[in-house]
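Chemist: with the sequence up front, the predicted model follows.
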Amino acid sequence: MAGLISTNTFWTLWLFVHLILAVGLLGALTHQAMAVALPVRRIAGGIVSRFRAVPAAGYATAVCVLWVLTFIVGSYIYTKYRIQIRIPLEAARFYKTGGFFDFKEHIASIGLTLLPAYWYFWKNAQNPDFDNARKGVTLVLAAMCWFMFIVGHVLNNARGFAS
Amino acid sequence: MTATTATSRNASAPSLAASPKFGTFAITFSLFGPAVYCVIQFLNWPLFTYWPATGRLVWGYEGGLSGQGPNMLWYGWTVTTILIAAGLGLLAMMLPERVTRKIPLALIWILPILTIPYIVYSLMPWWVLAAK
């Protein structure tokens, strides 16, 4: 890519890809979490009811693929973050921001380990033995995803690649 | 039965998801994964250390070296965790089904929540600096 775009633009584009994947993941997981936490009796109704009335099982594979892809792209840009973002953040005494980013990386790894059971539970949605575990793990993954999304967003506001 | 759960129940299971052995692997992997990650991070056992400034990758842990920039351990911790959790999953597959059926499934979502206090504690250097 040398010569075509600047280094900052290159990393900003990858960050944008990370963002797009994260938005897709957040949307899918939020739909699914709402569907298991507040299931609807009738699909007809307002936007909130329709939001909750999605065929939740169909999201499971997409959520796993999106989590892994977001993780891989995030891992790639993390190398640049460590040099270009974190060091200036520490120099500017943005310690809470840096701490929350490390928190986010741990959550991403822990969430990754939950995916096999999450996928298995959803692909066996006809088994009532898995109902509670499926609901619990989906809500935990959705909460993790929202946390990571907000931390990433705030961090980018504090110092993005183009800073 | 709700509309949503009715739709969910109709989902057909692909062959991998229909396998009880894979189920045992997946449940064991996810059950132990969060705890294994915390232990690996506490003991600092990354499979490898990455030095982003120089692009150097070394096996195991390598501490601060002058002129090399910062090291990155998170990749190594994550890969170690995946390997150990996968190993435990494979071991669980060898157990009789009457044993694996007794695994309390609620732990799969309770344990990740219980790891949060440890993670916050492990990041104490950041919070101490922020409080100064």
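Modeler: On my side now, so go ahead.
Chemist: quick one: contacts for B:Leu73?
Modeler: By C-beta atoms under 8 Å, 6 or more residues apart in numbering or on different chains, B:Leu73 lies in contact with B:44, B:46, B:49, B:61. Backbone N, C-alpha and C define where each C-beta goes, glycine included.
Chemist: secondary structure class for the second one?
Modeler: Okay, so that is B:Pro46. Following DSSP: H, G, I helix; E, B strand; the rest coil, B:Pro46 is assigned to coil.
Chemist: JSON lines for the contacts of B:Leu73, including distance to A:Asp102, pLDDT and neighbour count?
Modeler: As requested, those are arranged in JSON lines below (distance: C-beta to C-beta, whole Å; pLDDT from 0 to 100; neighbours: other C-beta atoms under 10 Å in any protein chain shown):
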{"residue": "B:Asn44", "distance to A:Asp102": "14", "pLDDT": "95", "neighbour count": "12"}
{"residue": "B:Pro46", "distance to A:Asp102": "15", "pLDDT": "97", "neighbour count": "25"}
{"residue": "B:Thr49", "distance to A:Asp102": "16", "pLDDT": "96", "neighbour count": "19"}
{"residue": "B:Tyr61", "distance to A:Asp102": "17", "pLDDT": "94", "neighbour count": "16"}
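Chemist: ok, which of these also contact chain A?
Modeler: Subset of these in contact with chain A: empty, counting by C-beta under 8 Å from any C-beta of the partner chain.
Chemist: for these, which one is nearest A:Ile107?
Modeler: B:Pro46 (17.9 Å; C-beta to C-beta).
Chemist: the closest one and chain A, how far apart?
Modeler: Separation of B:Pro46 from chain A (C-beta to the nearest C-beta, to the nearest Å): 12 Å.
Chemist: show me what contacts the nearest residue to that residue once chain neighbours are set aside?
Modeler: Leaving out its chain neighbours, the residue that sits closest to B:Pro46 by C-beta to C-beta, 6 or more residues apart in numbering or on different chains is B:Gly76, at 2.4 Å. Counting by C-beta under 8 Å, 6+ apart, B:Gly76 touches B:46-50, B:60-61.
Chemist: B:Gly76 and chain A: what is the separation?
Modeler: Distance of B:Gly76 to chain A, given as C-beta to the nearest C-beta: 11 Å.
Chemist: gap between that residue and A:Phe147?
Modeler: 23 Å (C-beta to C-beta, to the nearest Å).
Chemist: for chain B, see how far away A:Asp129 is.
Modeler: Look at A:Asp129 and chain B: by C-beta to the nearest C-beta, they are 7 Å apart.
Chemist: pretty sure that residue contacts B:Ala106?
Modeler: No. In this structure, A:Asp129 is not within contact of B:Ala106 by C-beta atoms under 8 Å, at 11.5 Å.
Chemist: what is in contact with those two at once?
Modeler: By C-beta under 8 Å, 6+ apart, no residue touches both A:Asp129 and B:Ala106.
Chemist: for the strand or helix carrying B:Leu57, name the packing helices and strands.
Modeler: Secondary structure from DSSP states H and E places B:Leu57 in strand B:56-59. Using 3 or more C-beta pairs under 8 Å, 6 or more residues apart in numbering or on different chains; DSSP states H and E as the contact test, the elements touching strand B:56-59 are strand B:48-51.
Chemist: I'm done for today, thanks for sticking with me.
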